[in-house]
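K.L.:
Sequence and predicted structure below; questions after.
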Amino acid sequence: MDINIAGLTTGILVAVFSFVVTLPRLLYFLFRGKALLGSKMFKGRNLTFFILSFLSSITYVVLAVIFSQDFHMLGLFFVYMILATIGVSLYFIVWIMFWMHGNEARYQFELIEKIPAPMTILSGFVLLLGAGLTLNYYNLACALLFLVSALLFDLAGYKLTRPINPDDD
């Protein structure tokens, strides 16, 4: 049996980057989210969006190891490493900003420099980048499902946690 070591290491690399950007979000929502966001966020349609984003991110990591076989060109490897590192770095900077605001839930969903839900956008970027550059269409479907479901969950969270402005009537 011939094992493609380069393909296996590509799959592991993509899986590690995707795991790094999805784990903090999942841990936060599983252990702290319900207490900070309230039970309205985890009922009905919002719960479905949360479960879809959770399952699609876990499925992405598993499928990356199995099906992300190669970057097809050495240049794509370097492009992936540079852009994924920038995406992960920005992702953790936004998390640090979130923690500096005392875990206040509305900062998870609020606009930062006109980017809505920046944590979701950055994690979705890293997932889409890995799927696109390795031509892994299964992961591309998982990344799109994650991005859509997580953005819908974040939109609901923003609506529930934004400060009430009397001028919004």
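P.N.:
Okay, I see it. Model, not experiment: these values are computed from the prediction.

K.L.:
check contacts around the residue positioned nearest the centre of the chain.
P.N.:
The centre of the chain sits closest to S123, judged by CA atoms, centre = their mean, with a distance of 3.2 Å. By CB atoms under 8 Å, 6 or more residues apart in numbering, S123 lies in contact with V21, T22, R25, S57, Y91, F146, A150. C-beta here means a position set from N, CA and C on the backbone, and glycine is covered the same way.

K.L.:
Equivalent analysis for F71, please.
P.N.:
T10, F77, Y80, L133, T134.

K.L.:
Show me what the mean pLDDT comes to for the helix or strand where S89 lies.
P.N.:
Remark: S89 resides in helix 74-100, with elements defined by DSSP states H and E. Across helix 74-100, the average pLDDT comes to 86.

K.L.:
elements contacting it?
P.N.:
Applying 3 or more CB pairs under 8 Å, 6 or more residues apart in numbering; DSSP states H and E, we find helix 74-100 packed against helix 5-28, helix 106-109, helix 118-133.

K.L.:
if you set the cut-off to 6 Å instead, what comes out?
P.N.:
Contacts defined by 3 or more CB pairs under 6 Å, 6 or more residues apart in numbering; DSSP states H and E place helix 74-100 against helix 5-28, helix 118-133.

K.L.:
a markdown table for the ones you listed, including distance to N139?
P.N.:
Output for the helices and strands packed on helix 74-100, formatted as a markdown table (distance: least, CB to CB, whole Å):
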| stretch | distance to N139 |
| --- | --- |
| helix 5-28 | 8 |
| helix 118-133 | 4 |
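
K.L.:
Lowest average confidence across those, which one?
P.N.:
Note on these: lowest mean pLDDT is at helix 5-28, with a mean of 80.

K.L.:
tell me the angle it makes with helix 118-133.
P.N.:
Relative orientation of helix 5-28 and helix 118-133, computed by axes from the mean of the first three to the mean of the last three CA atoms, to 10 degrees: 160 degrees.
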